[in-house]
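S.K.: Give me the fold of what follows.
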Amino acid sequence: MSGMGQYSAFADVTIYEALRTPWVDLGGALSLVSPIDLGIKVGREVLARAGIDPLAVDSVLAGSMAQASFDAYLLPRHVGLYSGVAQSVPALGVQRICATGFELLRQAAEQLRDEVQLALCVASESMSRNPIAAYTHRDGFRLGGEVQFKDFLWEALYDPAPGLDMIATADHLARRHGLSREAVDRYACASHQRALQAQRDGAWAEEIVTVDNQVFELEGYQPRGIRLARRAAAVTQDSHPRPTDLAALARLRAVHANGVQTAGNSCAVVDGAAAALVGRASACPRVPLARLLASAVVGVAPEFMGIGPAPAIRLLLHRSGLSLDDIGRFEINEAQAAQVLAVAQELELDSTRLNVQGGSLAVGHPLAATGLRLVMTLAGQLRRHNLRYGIAAACVGGGQGMALLIENPAYRG
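M.R.: All right, here's what the predicted structure looks like:
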């Protein structure tokens, strides 16, 4: 399939366990916490929940997009060390922007083809700590010259190749697919309502761990730790899901003139971290969370980057020999409402199988960590409803799409 993307099939690969912190709004209780410390938190917690000795881990894979602390280069290594993994075990940084969480799982599965038996995958993102950055002042400031500092969190949304930001690419898709502002707002409203219902029903309770103030000790080295902001003692659930209605969404101004995307129908900006343990099914001490069967990643036009999940899912299904009807649930990241609606339209997906617990419009999108959340949320749905197959997918800034195929190990046909 040269030129059609990359497909990988995996045998004997399972996700033993996975969990995440609550997703917390920009400037909220997690805003002072380094993504390294959030990553250590979930790394320790996933090992404890799985009942796995950290010394059994053979590989550490970690991802984070923004350099949100001065020691950002050390994120993968410190996550491993302070999670209790043996000092001799190497750590690797992984990055595929919004699909980083997926890529962590793919890389772990690839490593299991060789000598690795168990991989710790961690993704952590502090959107609040994105820097105000300057890239051209290393040699000082010229007298009378321009002094330029920019908000990395906002500027990183801009792709200079097509000369568009990510929100404009969603507006492009809205025009190409005939999506009205009302249709986009209606989808966003449904996402919020579904997320609130999922929260009330405790649908995310199993995947979320409480974050509180604590210290991480490592013998012979300096301690690290978590100090929550806003005098918070603990964070227990996602902070962004909230009641809304179509009238409230309709009052919001579009980001771009003649566009459909607003702050209300674009993904929420949040901080959070997630972790997963990936190992061989044959060595798993109990029924795992999910089997990882295959991955697909493709490139698309940067100006239509949000459509990426559609060709990725098509490639995944084609090479795995499955059809859309075989898939019990789809979790497709909601970067923008118009973007996910365009994907659903192109694939002819019905709403009863797509993002049934809401998505990133309501819950939020901490870039590197979202892929892991999508997979654990998907796995939970498959188990609760006795469904066999699920697909998680996301678009990627710059023009890519990625999708993973998982199977419910507890499925009873």
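
S.K.: For the chain, which residues score under the pLDDT cut-off?
M.R.: Applying pLDDT under 70 to the chain flags residues 1-3.

S.K.: residue ranges for the helices of it, please.
M.R.: 35-50, 75-82, 100-111, 152-155, 166-176, 181-201, 246-250, 309-320, 337-347, 370-384 (DSSP state H).

S.K.: would you list those in JSON lines and tack on mean neighbour count and distance to Asn355?
M.R.: Every residue, glycine included, has its C-beta placed from N, CA and C. Formatted as JSON lines, the helices of the chain follow (neighbours: other C-beta atoms under 10 Å; distance: least, C-beta to C-beta, whole Å):
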{"stretch": "helix 35-50", "mean neighbour count": "25", "distance to Asn355": "23"}
{"stretch": "helix 75-82", "mean neighbour count": "24", "distance to Asn355": "29"}
{"stretch": "helix 100-111", "mean neighbour count": "26", "distance to Asn355": "16"}
{"stretch": "helix 152-155", "mean neighbour count": "14", "distance to Asn355": "25"}
{"stretch": "helix 166-176", "mean neighbour count": "23", "distance to Asn355": "16"}
{"stretch": "helix 181-201", "mean neighbour count": "20", "distance to Asn355": "7"}
{"stretch": "helix 246-250", "mean neighbour count": "14", "distance to Asn355": "17"}
{"stretch": "helix 309-320", "mean neighbour count": "23", "distance to Asn355": "12"}
{"stretch": "helix 337-347", "mean neighbour count": "25", "distance to Asn355": "7"}
{"stretch": "helix 370-384", "mean neighbour count": "25", "distance to Asn355": "9"}
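
S.K.: how about the ones you listed, which one is nearest Arg280?
M.R.: Closest approach to Arg280 among the helices of the chain (C-beta to C-beta): helix 100-111, 10.2 Å.

S.K.: export that closest one as PDB, just CAs?
M.R.: Output of helix 100-111 as PDB, limited to C-alpha atoms (Å, rounded to 0.1, in the frame of the first residue of the first chain):
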ATOM      1  CA  THR A 100       0.800  11.200  20.700                       C
ATOM      2  CA  GLY A 101      -1.200   8.900  23.000                       C
ATOM      3  CA  PHE A 102      -1.900   6.600  20.100                       C
ATOM      4  CA  GLU A 103       1.700   6.600  19.000                       C
ATOM      5  CA  LEU A 104       2.800   5.700  22.500                       C
ATOM      6  CA  LEU A 105       0.800   2.500  22.300                       C
ATOM      7  CA  ARG A 106       2.000   1.800  18.700                       C
ATOM      8  CA  GLN A 107       5.600   2.200  19.700                       C
ATOM      9  CA  ALA A 108       5.100  -0.100  22.700                       C
ATOM     10  CA  ALA A 109       3.500  -2.800  20.500                       C
ATOM     11  CA  GLU A 110       6.400  -2.500  18.100                       C
ATOM     12  CA  GLN A 111       8.900  -3.000  21.000                       C
END
